[in-house]
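Visitor: Just need the structure, nothing else, for what follows:
(one chain, ligands or ions: 1)
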Amino acid sequence: MADVVIIGAGPAGIFAALELSKRSPELDIVIVEQGKDIDERSRTGKEMVIGWGGAGAYSDGKLTISTDVGGQLSTLLPEEDLLGLLNEIDSVYSSYESCGDVFSIDPDHAAAISAQARLAGLVYIPTKVRHIGTENCYTILKNLRSVLDKRLRTIFNTKAVDIISENGRVKGVNLSDGTTIEAPCVIAAPGRVGSSWMSSQAKKLGLETHPNPVDLGVRVELPAVIMEDLTDKAYETKFIYYSKTFDDRVRTFCMNPYGEVVSETVGDILTVNGHSWANKRTENTNFALLVSADFTEPFDDPIGYGESVATMANMLGKGVIVQRLGDLLSGRRTTASRLMKCSTKPTLKQATPGDLSYCLPYRILTDIIEMLTCLDRIAPGVNSAHTLLYGIEVKFYSNRIRLGSNLETQVEGLYVIGDGAGITRGLIQASCSGVIAARSILKDN
Ligand SMILES: Cc1cc2nc3c(=O)[nH]c(=O)nc-3n(C[C@H](O)[C@H](O)[C@H](O)COP(=O)(O)OP(=O)(O)OC[C@H]3O[C@@H](n4cnc5c(N)ncnc54)[C@H](O)[C@@H]3O)c2cc1C
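Guide: Purely as a prediction, here's the structure:
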């Protein structure tokens with residue numbers, strides 16, 4: 001028996017637990033996490049996104065304090081309330097460790113970048129970002145573990161198998177060790193890694209869902225000096241481009257000045273991602289260029305589509321593929337000897353030199369090439385033959401579950417939060433969602 005069961009110890013689950021235990025210390029709260037405790041985790045393979053801290057533990061630790069990016073909570077909450085909550089969460093992160101710099105772009109600089117962007121055919125979205133850095137973000141989540149360890153129970157290496165409901169009310173959770181925890185409130189926070197499990201639970205419980213688009217593209221890596229003018233002022237510069245050929249929306253995502261490209265295991269697939277340390281610099285900057293693939297009927301499996309594209313890249317490259325932009329544009333493969341001649345030194349050493357045009361759909365490749373040309377007008381050098389492209393970067397978003405503004409589902413007492421609900425896409429909105437669910441439970445009790 002428990003008062004609240006939380007499934008998943010990522011930022012969403014942790015912040016729900018923090019809020020509940022802080023405001024109502026008498027509550028009996030249990031967190032069920034399929035992975036290991038934070039000290040026992042490693043940064044390789046599937047463990048990179050599983051265990052205490054979830055995908056946040058080895059993330060770049062960028063807190064984007066904006067209602068426009070990092071999730072769709074603004075569709076459920078008034079703009080001002082959400083902004084207030086984002087600032088509140090930012091200060092909680094800051095109180096658990098020295099917390100990096102806040103890059104809040106000055107309005108004159110923003111106006112200048114905006115004007116330049118327009119001339120280049122791009123839209124610039126100014127954002128306020130705190131860059132915590134990978135090592136500091138890990139420490140914050142570790143500190144939160146120590147605090148919460150005294151207040152609640154966490155069961156590691158155990159999966160929530162089934163959420164139980166009766167007459168439209170949640171009853172508890174069946175676990176992979178054969179036990180059942182009965183509880184009047186369940187918060188499911190399974191993250192992207194748990195999205196297919198969450199989809200199957202939603203189906204079983206009769207929850208209404210609809211698919212989110214899948215984002216596909218590449219990770220771009222280039223000498224940091226090329227983007228320095230932008231990244232020094234704003235850290236993360238977000239641009240949107242509507243492609244000439246397809247009128248698709250292409251966007252920059254997760255910019256990591258002086259950072260590293262990393263591979264990420266999603267199920268059985270290897271994809272790419274990026275991060276940067278607070279106290280260690282490489283010579284390169286990386287960012288993703290992503291195209292949203294949104295399908296209409298009869299096809300309703302964007303996740304399956306993204307998996308197929310990424311699987312093809314993995315099949316050809318036996319993992320992640322890296323290609324010089326010059327080789328891609330000349331219609332030839334990058335080989336090991338061509339990569340040796342590249343003036344941009346790859347930070348992901350395990351990537352296989354290859355040919356992305358064999359695995360990226362024409363539409364997406366065209367969108368990306370067009371956007372690189374536009375970006376070059378803002379940051380000359382982006383469209384250089386020596387720019388590296390890693391593929392495939394895929395962002396699978398869980399099916400969006402129908403939720404009330406308090407993140408409760410149609411099953412009373414069952415909340416679904418964070419990236420696993422298809423409602424958030426980043427640390428700060430995932431954390432916010434935990435607090436929203438916790439406050440709703442506290443109000444009802
Ligand atoms: C390399 C990398 C860099 C990133 N950089 C940034 C960044 O700079 N800024 C940013 O905003 N975001 C970043 N992100 C994304 C961010 O980490 C996620 O958006 C965030 O962690 C989502 O939080 P969550 O709690 O919803 O899910 P997760 O963090 O994914 O946590 C979910 C947890 O639930 C557990 N779980 C799943 N299913 C079950 C089950 N059935 N039973 C028990 N446990 C289960 C999982 O093991 C996992 O630990 C990055 C991600 C990666 C991988």
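Visitor: Now stretch 223-243 - C-alpha only, CSV.
Guide: The C-alpha atoms that make up stretch 223-243 are tabulated as CSV, following Å, rounded to 0.1, in the frame of the first residue of the first chain:
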residue,chain,number,x,y,z
PRO,A,223,34.4,24.6,-35.6
ALA,A,224,33.0,26.6,-32.7
VAL,A,225,34.4,29.8,-34.0
ILE,A,226,31.8,29.7,-36.9
MET,A,227,28.9,30.1,-34.5
GLU,A,228,30.7,32.0,-31.7
ASP,A,229,29.2,35.3,-32.4
LEU,A,230,25.7,33.8,-31.9
THR,A,231,26.5,31.3,-29.1
ASP,A,232,28.4,33.8,-27.0
LYS,A,233,25.4,36.1,-26.9
ALA,A,234,22.6,33.6,-26.7
TYR,A,235,24.1,30.1,-26.1
GLU,A,236,21.4,28.4,-27.9
THR,A,237,20.1,30.1,-31.0
LYS,A,238,16.9,28.7,-32.3
PHE,A,239,16.1,29.2,-36.0
ILE,A,240,13.2,27.9,-38.1
TYR,A,241,13.1,27.6,-41.8
TYR,A,242,10.3,26.7,-44.1
SER,A,243,11.8,24.8,-47.0
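Visitor: That one: which residues count as buried?
Guide: Residues of stretch 223-243 classed as buried: 223-224, 226-227, 230-231, 234-239, 241, 243 (neighbour count, 16 or more other C-beta atoms under 10 Å). Every C-beta, even on glycine, is put in place using the N, C-alpha and C of the backbone.
Visitor: and what of stretch 375-386?
Guide: 375-376, 378-379, 382-384.
Visitor: As TSV, the residues you listed with pLDDT would be great.
Guide: What follows is those, written out as TSV (pLDDT from 0 to 100):
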residue	pLDDT
L375	98
D376	98
I378	95
A379	96
V382	98
N383	98
S384	98
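Visitor: Can you flag which of those belong to helices?
Guide: 375-376, 378 (DSSP state H).
Visitor: on that earlier part again, what is the nearest of the buried residues of stretch 223-243 to D355?
Guide: S243 (21.6 Å; C-beta to C-beta).
Visitor: What helix or strand is the closest residue to the closest one other than its chain neighbours located in?
Guide: Spatial nearest neighbour of S243, excluding adjacent residues (C-beta to C-beta, 6 or more residues apart in numbering): D367 at 4.3 Å. Using DSSP states H and E, D367 sits within helix 362-378.
Visitor: Just the C-alphas of that helix, formatted as PDB.
Guide: Only the C-alpha atoms of helix 362-378 are listed here, as PDB (Å, rounded to 0.1, in the frame of the first residue of the first chain):
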ATOM      1  CA  TYR A 362      15.100  12.800 -50.300                       C
ATOM      2  CA  ARG A 363      12.600  15.200 -48.800                       C
ATOM      3  CA  ILE A 364      14.400  15.500 -45.500                       C
ATOM      4  CA  LEU A 365      17.800  15.700 -47.100                       C
ATOM      5  CA  THR A 366      16.700  18.500 -49.400                       C
ATOM      6  CA  ASP A 367      15.200  20.400 -46.400                       C
ATOM      7  CA  ILE A 368      18.400  20.100 -44.500                       C
ATOM      8  CA  ILE A 369      20.700  21.200 -47.400                       C
ATOM      9  CA  GLU A 370      18.500  24.200 -48.000                       C
ATOM     10  CA  MET A 371      18.600  25.200 -44.400                       C
ATOM     11  CA  LEU A 372      22.400  24.900 -44.200                       C
ATOM     12  CA  THR A 373      22.600  27.300 -47.100                       C
ATOM     13  CA  CYS A 374      20.400  29.800 -45.300                       C
ATOM     14  CA  LEU A 375      22.300  29.400 -42.000                       C
ATOM     15  CA  ASP A 376      25.500  30.200 -43.900                       C
ATOM     16  CA  ARG A 377      24.300  33.700 -44.500                       C
ATOM     17  CA  ILE A 378      24.100  34.300 -40.800                       C
END
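Visitor: re the thing from before, closest to the ligand among the ones in helices among the buried residues of stretch 375-386?
Guide: L375 (20.4 Å; C-beta to the nearest ligand atom).
Visitor: Identify the residues contacting that closest one.
Guide: Contact analysis of L375 by C-beta atoms under 8 Å, 6 or more residues apart in numbering lists 120, 122, 239, 252, 382-383.
Visitor: cool, and V193?
Guide: So V193 contacts 46, 49-50, 54-55, 266 (C-beta under 8 Å, 6+ apart).
Visitor: Neighbour-wise, give me the winner out of those residues.
Guide: Neighbour tally across the contacts of V193 (other C-beta atoms under 10 Å): the maximum, 31 neighbours, falls on G54.
Visitor: near the ligand too, which of the buried residues of stretch 375-386?
Guide: With the criterion set as C-beta under 6 Å from any ligand atom, no member of those is near the ligand.
Visitor: farthest-separated two in those residues?
Guide: Farthest pair in the buried residues of stretch 375-386, by C-beta to C-beta: I378 and S384, 14.0 Å.
Visitor: related to what we said a few turns ago, so which of the contacts of L375 would you say is closest to T64?
Guide: T252 (12.7 Å).
Visitor: Would you confirm that the closest one belongs to a helix?
Guide: No: read with DSSP: H, G, I helix; E, B strand; the rest coil, T252 is strand and lies in no helix.
Visitor: What is the burial count for it?
Guide: Neighbour count for T252, taken as other C-beta under 10 Å: 22.
Visitor: Enumerate the residues of the stretch 51-200 of the chain near the ligand.
Guide: 51, 54-56, 58-62, 64, 70, 159-160, 189-194, 197.
Visitor: how about the helix holding D367: buried residues?
Guide: 364-372, 374-376, 378.
Visitor: now do stretch 180-194
Guide: So stretch 180-194, judged by 16+ other C-beta under 10 Å, has buried residues 181, 183-194.
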